[in-house]
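Student: Give me a model of this one.
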Amino acid sequence: MASITQTGPNSWRVLIRRKGHAALCRTFSTEREARQWGKRAEAEIAAGRTMAKGRLTVARAVQAFRELREQGRRPVALTSNEEYMLRHLADPEGIGAVEVDRLTPQRLAEWCRTRADDEAGPYTIGMEVSKLATVLKYAAISLHTPLPDVVGAARPLLEYGGLIGPGKARERRPSPEELARVLDQLSPQMGDVVLFAIATAMRRAEICRIRWADVDACRRLVLIRDRKHPKRTAGNHQWVPLIDRTGIDAWAILQRQPEGERIFPLSPEFVSDSFAAACKAAGVQNLHFHDLRHEATSRMFEAGMAIEQVAIVTGHQDWRNLRRYTNLKPESVHGTRPDTPQRPGNRRTESRRRDTSEP
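Tutor: Purely as a prediction, here's the structure:
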């Protein structure tokens, strides 16, 4: 019988233990999803379609990696890129059903070509291959089973075939006309999310999780919790000023949002999907939501902000990393400000007084 335990406000863990089978454990964002998966997994065990004891598939290695993370109280976030990669690796239609001891460099290259056919780029595929190496490394420790370094053996073949490679820095910036067309396709709430992203250079997940309790109205600051960091995202809380140096007043956008716990109560996936759909409807090509961070950072430099000021807003620890975002327009030398379409909205008449603790 599957054991289902609520481990958080939006987290349910399913644990299945059967004699002669490796334990299965997964975490879901809803109880319904957890129960559905538990029933499917038990049905597969009863039908004899799961891995027999002593056999290790890529999917089982992924599951062992998840269990290890949960035991260390660092579960894989359901909305993270890591979750997205692990799902691809565990997919039985790909390499999920392949036994690890039969996973050769040639078989891995075949899977990479399939991912390329699905329009995944060399950088994305390379990240997934690297994640596979991490999964196998820690699965071997967790399961007390020595595993071959198939990823290390396959890398020369994958690199030579152009299946994996370094990422290319994007320099895509929307024109005022493109931005106006996209905004026309969005709801007022999503339009404010887009404008807020350009005003603050925040990532989609950062925008979606900020709360009214994290706003300091006296100093016009907002606290971003667990901001992305190459080494220590958890606990990396940063106070960020809500400025109007990009042609958009971030504070005004925030003030016209409705009451609630979160300022923008949306999921990161909904934001990306809505933005992509709006771009398609508006006939705007090759524009991603994350490009708005590049647009925001470039506008700050064009407005004359110093690099240390921009870093406070964007959260960059190493100022050298800002170079890839500073795709300045030549006309900015004349001191012109970017022209941005604004959505009409009523500024709140009452200012909010929130947490005034020092950052």
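
Student: contacts, neighbours, all on C-alpha from now
Tutor: OK.

Student: For the stretch 201-350 of the chain, just list every one of the helices.
Tutor: 204-209, 250-255, 268-282, 291-302, 307-314 (DSSP state H, counting those that start in this stretch).

Student: Which secondary structure elements does the last one sit against?
Tutor: Same thing as helix 307-314. strand 238-241, helix 291-302 (3 or more Cα pairs under 8 Å, 6 or more residues apart in numbering; DSSP states H and E).

Student: Packed most tightly, which of the ones you listed would that be?
Tutor: helix 291-302 (a mean of 25; mean count of other Cα atoms under 10 Å).

Student: helices or strands up against that helix?
Tutor: helix 188-200, helix 307-314.

Student: Residue 247 is nearest to which of those?
Tutor: helix 188-200 (7.5 Å; Cα to Cα).

Student: thinking again about what came up before, make TSV out of the helices and strands packed on helix 291-302 and add mean pLDDT and mean neighbour count.
Tutor: Output for those, formatted as TSV (pLDDT from 0 to 100; neighbours: other Cα atoms under 10 Å):
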stretch	mean pLDDT	mean neighbour count
helix 188-200	96	22
helix 307-314	86	16
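
Student: Those into JSON lines, with extra columns for distance to residue 223?
Tutor: Output for these, formatted as JSON lines (distance: least, Cα to Cα, whole Å):
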{"stretch": "helix 188-200", "distance to residue 223": "12"}
{"stretch": "helix 307-314", "distance to residue 223": "11"}
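
Student: quick one on the thing from earlier: tabulate the helices and strands packed on helix 307-314 in CSV, adding columns for mean pLDDT and distance to residue 104.
Tutor: What follows is the helices and strands packed on helix 307-314, written out as CSV (pLDDT from 0 to 100; distance: least, Cα to Cα, whole Å):
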stretch, mean pLDDT, distance to residue 104
strand 238-241, 91, 45
helix 291-302, 90, 37
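
Student: want to try JSON lines for these, with distance to residue 262 as columns?
Tutor: Below are the helices and strands packed on helix 307-314 laid out as JSON lines (distance: least, Cα to Cα, whole Å):
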{"stretch": "strand 238-241", "distance to residue 262": "16"}
{"stretch": "helix 291-302", "distance to residue 262": "21"}
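
Student: nearest to residue 39, of these?
Tutor: Here helix 291-302 is closest among these (Cα to Cα), at 41.3 Å.

Student: can I get the CA coordinates of that closest one in CSV?
Tutor: Extracted as CSV, the C-alpha positions of helix 291-302 are listed here (Å, rounded to 0.1, in the frame of the first residue of the first chain):
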residue,chain,number,x,y,z
ASP,A,291,15.1,38.4,-22.2
LEU,A,292,13.3,41.1,-20.2
ARG,A,293,16.0,40.8,-17.6
HIS,A,294,18.5,41.6,-20.3
GLU,A,295,16.4,44.5,-21.4
ALA,A,296,16.0,45.8,-17.8
THR,A,297,19.8,45.7,-17.1
SER,A,298,20.6,47.3,-20.4
ARG,A,299,18.2,50.1,-19.7
MET,A,300,19.7,50.8,-16.3
PHE,A,301,23.1,51.3,-17.9
GLU,A,302,21.6,53.5,-20.6
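
Student: Ranking helices and strands of this protein by mean pLDDT, which lands last?
Tutor: strand 24-28 (a mean of 69; mean pLDDT, DSSP states H and E).

Student: So which residues make contact with the following helix or strand past that one?
Tutor: Reading on from strand 24-28 to the C-terminus, the next helix or strand found by DSSP states H and E is helix 31-46. Identification of contacts with helix 31-46 by Cα atoms under 8 Å, 6 or more residues apart in numbering yields 1-2, 4, 6, 11-14, 16, 26-28, 50.

Student: Counting neighbours, which bits of stretch 98-118 end up buried?
Tutor: Neighbour counts over stretch 98-118 (16 or more other Cα atoms under 10 Å) mark 98-100, 103-105, 108-113, 115-116 as buried.

Student: and which of those residues is nearest to residue 159?
Tutor: residue 109 (10.0 Å).

Student: Let me see the contact set for the closest one.
Tutor: Counting by Cα under 8 Å, 6+ apart, residue 109 makes contact with 154, 157-158, 163.

Student: and if you look at residue 193?
Tutor: Residue 193 makes contacts with 207, 264, as judged by Cα under 8 Å, 6+ apart.

Student: cool, the one 3 residues further on as well?
Tutor: Shown in contact with residue 196 (Cα under 8 Å, 6+ apart): 202, 248, 250, 253-254.

Student: just residue 249 next, same as before
Tutor: 199, 242-243.

Student: mind redoing it with 7 Å?
Tutor: Applying Cα atoms under 7 Å, 6 or more residues apart in numbering to residue 249 gives the contacts 199, 243.

Student: What of residue 6?
Tutor: Contact partners of residue 6, counting by Cα under 7 Å, 6+ apart, are 12-13.

Student: Okay, it and residue 27: tell me how far apart.
Tutor: 9 Å (Cα to Cα, to the nearest Å).

Student: any shared contact partners between the two?
Tutor: Residues touching both residue 6 and residue 27 (Cα under 7 Å, 6+ apart) are 12-13.

Student: and after the helix or strand hosting residue 135, which helix or strand comes next?
Tutor: Take DSSP H and E as the rule and residue 135 turns out to sit in helix 122-143. The first helix or strand that comes after helix 122-143 along the chain, using DSSP H and E, is helix 150-160.
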